[in-house]
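Student: Sequence and computational prediction follow.
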Amino acid sequence: MKKLVAYITTGFPDLNFTEDAALALKEAGVDTLELGVPFSDPVADGPVIEEANLKSLHHGFKMQDLLDVSNNIAKEIDTLWMGYFNPFYHRGIETITKEAKERGVSGFIIPDLPYEEAQQYKQTFHENNLALIDFVAPTDSKKRIAQILQDAQKFIYLVAYAGITGAGKSEDLKEVIENIKQTTSTDIYVGFGVNEKTAKQKAQNVDGVIVGSAFVSVMLDDTLSYSEKITKMQQMAKNIKDSINS
């Protein structure tokens, strides 16, 4: 059974929605939730997720909100904190990892933390039984992949193309997937540009997909009511889960 990871932005449109959406997505078949930490300059994300980030910050998001939401959902759905390094660094890596462990969070996704810089923090993550998800890009050489993945945990985040999330580009991933499989048996999940239309194709030869902008687009749709957004996100998750396993 191939896995589905869903990203949502914490605190948008509000904290209650974040919790309700997380639990609804779990019911719809989502295996892991990326709980996005709002940041003013999300360099790897496209305009959809950036807009949700900025709106959450405008509504007053604080790191304590992330802790409170995680307290309520991490025991129900496997939860990762997805965020940029700056907020984690300012809170203190030792502090934030302990807070994650205490709330049952399983790991972190930090897209702007390069492999080399991450090494000084990995022990802290390990001590708290937290995965620090590794990224691989189509442009990475076989040698580079072997270096990055020597301690891969939970799953490998394979970036589907060079660029930002939600751009909808397409690249041939066969060679990079083969290079990863020759290096590690850790599961491979494809992210960037995954939606209801592309999920089946993106899931070929890998173990799962990561969907972010497609869900956040629903969250941003002001023509939908609170409950309609939840229902639409649930149906989208069901459709994607079915398509990648059909």
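Tutor: Everything's here; your move. Numbers count the residues shown, from 1 in each chain.
Student: now residue 187, nearest residue through space, not along the chain?
Tutor: Residue nearest to residue 187 in three dimensions, not counting chain neighbours: residue 207, with 3.9 Å by C-beta to C-beta, 6 or more residues apart in numbering. (C-beta placed from N, C-alpha, C; glycine too.)
Student: Just to check, that neighbour is in contact with residue 184?
Tutor: No: with contact defined as C-beta atoms under 8 Å, residue 207 does not reach residue 184; the gap is 11.8 Å.
Student: Next, the buried residues of stretch 92-100.
Tutor: Along stretch 92-100, the positions that meet the burial threshold by neighbour count (16 or more other C-beta atoms under 10 Å) are 96, 97, 99, 100.
Student: Oops, could you answer that again for stretch 13-26 instead?
Tutor: Of the residues in stretch 13-26, those buried (16+ other C-beta under 10 Å) are 13, 15, 17, 18, 19, 20, 21, 22, 23, 24, 25, 26.
Student: would you turn the residues you listed into a markdown table with secondary structure, distance to residue 32 and pLDDT?
Tutor: Formatted as a markdown table, the buried residues of stretch 13-26 follow (DSSP: H, G, I helix; E, B strand; the rest coil; distance: C-beta to C-beta, whole Å; pLDDT from 0 to 100):
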| residue | secondary structure | distance to residue 32 | pLDDT |
| --- | --- | --- | --- |
| 13 | coil | 23 | 97 |
| 15 | helix | 20 | 98 |
| 17 | helix | 19 | 98 |
| 18 | helix | 16 | 98 |
| 19 | helix | 16 | 98 |
| 20 | helix | 18 | 98 |
| 21 | helix | 14 | 98 |
| 22 | helix | 11 | 98 |
| 23 | helix | 14 | 98 |
| 24 | helix | 15 | 98 |
| 25 | helix | 10 | 98 |
| 26 | helix | 10 | 98 |
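Student: of all the residues you listed, which comes closest to residue 5?
Tutor: Minimum separation from residue 5 among the buried residues of stretch 13-26 (C-beta to C-beta) is found for residue 25, which lies at 10.1 Å.
Student: The residue nearest to residue 187 and residue 109, how far apart?
Tutor: Counting by C-beta to C-beta, to the nearest Å, the gap from residue 207 to residue 109 is 16 Å.
Student: do residue 32 as well
Tutor: Between residue 32 and residue 109 the distance is 10 Å, computed by C-beta to C-beta.
Student: Pairing partners for the lengthiest strand in the chain, with directions?
Tutor: For the chain, the longest strand by residue count, based on DSSP state E, is strand 3-9. Sheet pairing here is set by DSSP bridges, and for strand 3-9 it gives strand 32-36 (parallel), strand 208-211 (parallel).
Student: looking at this, residue 138 is in a strand?
Tutor: No: counting by DSSP: H, G, I helix; E, B strand; the rest coil, one finds residue 138 to be coil, located in no strand.
Student: thinking it is in contact with residue 144, fair?
Tutor: No: contact status for residue 138 versus residue 144: not in contact, 11.6 Å apart, counting by C-beta under 8 Å.
Student: Provide the backbone phi and psi angles at residue 222.
Tutor: Recorded main-chain torsions at residue 222 are phi -70, psi -10, according to degrees, to the nearest 10.
Student: Read off the pLDDT value for it.
Tutor: The predicted structure scores residue 222 at 97 on the pLDDT scale.
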